[in-house]
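Chemist: With the input below, show me the fold.
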Amino acid sequence: MKTRRKFIQLSALGGAAIITNTSLAGIPEPVQTRDLVKEKKYPLVISTWDHGMLANTGAWKVLAASGTALDAVEQGVRLVESDPELTSVGYGGLPDRDGIVTLDACIMDHHGNCGAVAFLQDIENPISVARKVMEKTPHVILVGEGAKAFALEQGFKEKDLLTPASVEAYKEWLKTSKYEPVINRENHDTIGMLAMDHQGNLAGSCTTSGMAFKMHGRVGDSPIIGAGLFLDNEVGAACATGVGEAVIKIAGSAIVVELMRNGRTPQEACKEAVQRIIKMNKNIDQIQVGFLAMNKNGETGAYAVYEGFNYALRSKDENRMIDAPYFRKENQ
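Modeler: Sure thing, here's the model as predicted:
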């Protein structure tokens, strides 16, 4: 099984992988619409990458007790945010080029309510701050100092998010790295989570510390509703991971949901969204993106530009990792 660590190491590959008209012609046309599976398969939770197993454990405790999908997606990803061993989310996340950990997160419920924070510093669980933005303010996104001030007003505590390991990684990076915004140069990834509860209602969350050693102030797709996360309770939900800039340019997660609305399965919708990214970018050497989705009937699916993307699935019958299909192998 390829891991998310293997997936993100593609950023170190050299050379220019130019997509020609000939190679694009090899991409099969999207599968035509078909009837969706009628059997209901909820409650259900899925989340990106190996750390999704940990997140799903927390989410399943909520779902198994007949809790809401919204509570599940918040409590699940909080475990990942608080784990200092995971260097791409929350506490222990790798810092930006100025040595500062900045966090992005968003959350969305089955009514279409949503909240997000971006460029948040010194707060361990940005997903919970995002939920407070959704529930306690008339806004959708708070950023930077304003987001932090709001978090403190809501009772969140300041915390130094750097760990000894992340400090050492930053010092090592400083020895050789130039100060330039090269997309996907460093390791980065996200946790996105989608859940459906006993009532058949959907919710989603997405949280990250973003690209390691990114430019100070950079924000990716993770806190952007419609890019890093989107859902429609009549249709399904989707989230994204990888190079946020590429996801934002096609409104990735919203596109996946709309494709499902038009009859695509989650798998087909994720694949078509990846195809749009490939067609938009002549050179995909530094562009890694994976989409994950579920529909209202409990079908799930994923697809990535490169091999290595996987996701965790938890239901009453299953608890496992699934390798996502992909467009290209690592060294092609």
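Chemist: what's the average pLDDT for the helix or strand that contains residue 240?
Modeler: Element membership for residue 240, per DSSP states H and E: strand 236-242. Taken as a whole, strand 236-242 has an average pLDDT of 97.
Chemist: measure residue 308 to residue 248 for me?
Modeler: 22 Å (CB to CB, to the nearest Å). Just so you know, the C-beta spots here come from the backbone N, C-alpha and C atoms, and that holds for glycine as well.
Chemist: Residue 189 and residue 198, how far apart?
Modeler: Counting by CB to CB, the gap from residue 189 to residue 198 is 30 Å.
Chemist: quick one, which of the two is more surrounded?
Modeler: Taking other CB atoms under 10 Å, residue 189 and residue 198 do not tie; residue 189 has more neighbours (27 against 14).
Chemist: I'd guessed that one sits against residue 86; true?
Modeler: No: Residue 189 is beyond contact range of residue 86, at 9.5 Å (criterion: CB atoms under 8 Å).
Chemist: Walking through the chain, point out its helices one by one.
Modeler: Assigned by DSSP state H, the chain shows helices spanning 4-8, 21-24, 52-64, 69-81, 126-136, 144-153, 164-176, 244-249, 252-261, 266-280.
Chemist: Count the residues that sit near the closest residue in space to residue 269 that isn't next to it in sequence.
Modeler: Spatial nearest neighbour of residue 269, chain neighbours left out: residue 259 (3.7 Å); criterion: CB to CB, 6 or more residues apart in numbering. Here the count is done by other CB under 10 Å, and residue 259 has 25 residues near it.
Chemist: how close does residue 259 sit to residue 296?
Modeler: 14 Å.
Chemist: got a list of what the residue nearest to residue 68 when sequence neighbours are not counted touches?
Modeler: Excluding its sequence neighbours, the residue lying closest to residue 68 (CB to CB, 6+ apart) is residue 197, at 5.4 Å. Shown in contact with residue 197 (CB atoms under 8 Å, 6 or more residues apart in numbering): 42-43, 63, 66-69, 72, 203.
Chemist: Need the max-distance pair from these.
Modeler: Across the contacts of residue 197, no pair lies farther apart than 66 and 203, at 14.5 Å, counting by CB to CB.
Chemist: Please spell out the segments of the stretch 201-332 of the chain that come in under the pLDDT threshold.
Modeler: Across the stretch 201-332 of the chain, residues meeting the criterion (pLDDT under 70) sit at 330-332.
Chemist: does residue 266 really touch residue 235, like I thought?
Modeler: No: counting by CB under 8 Å, residue 266 sits too far from residue 235 to count as a contact (10.4 Å).
Chemist: For residue 98, which non-adjacent residue is spatially closest?
Modeler: Nearest to residue 98 is residue 216, by CB to CB, 6+ apart, at 4.5 Å.
Chemist: could you list every residue that touches the one you found?
Modeler: So residue 216 contacts 96-98, 100, 102 (CB under 8 Å, 6+ apart).
Chemist: hmm, back to that, the more surrounded of residue 66 and residue 203?
Modeler: A count of neighbours by other CB under 10 Å puts residue 203 above the other of residue 66 and residue 203, at 28 against 10.
Chemist: so who does the more buried one touch?
Modeler: By CB under 8 Å, 6+ apart, the neighbours of residue 203 are 68-70, 72-73, 107-110, 194-195, 197, 231, 237.
Chemist: again with residue 151
Modeler: 117, 120, 123, 129, 132 are the contacts of residue 151 under CB under 8 Å, 6+ apart.
Chemist: now do 10 Å
Modeler: 117, 120-126, 128-130, 132-133, 142, 157-158 (CB atoms under 10 Å, 6 or more residues apart in numbering).
Chemist: For stretch 137-155, buried residues please.
Modeler: Across stretch 137-155, burial judged by 16 or more other CB atoms under 10 Å covers 140-143, 147-148, 150-151, 154.
Chemist: which of these sit farthest apart?
Modeler: 140 and 148 (17.2 Å).
Chemist: Residue 234 - how many residues pack around it?
Modeler: 10.
Chemist: burial measure for residue 177, as a count.
Modeler: Neighbours around residue 177, by other CB under 10 Å: 14.
Chemist: wait, doesn't it sit right on residue 214?
Modeler: No: applying CB atoms under 10 Å, one finds residue 177 not in contact with residue 214, separated by 11.5 Å.
Chemist: Can you list the low-confidence ranges for the stretch 1-150 of the chain?
Modeler: In the stretch 1-150 of the chain, residues with pLDDT under 70: 1-40.
Chemist: let's see it at 50
Modeler: The model of the stretch 1-150 of the chain has pLDDT under 50 over residues 1-37.
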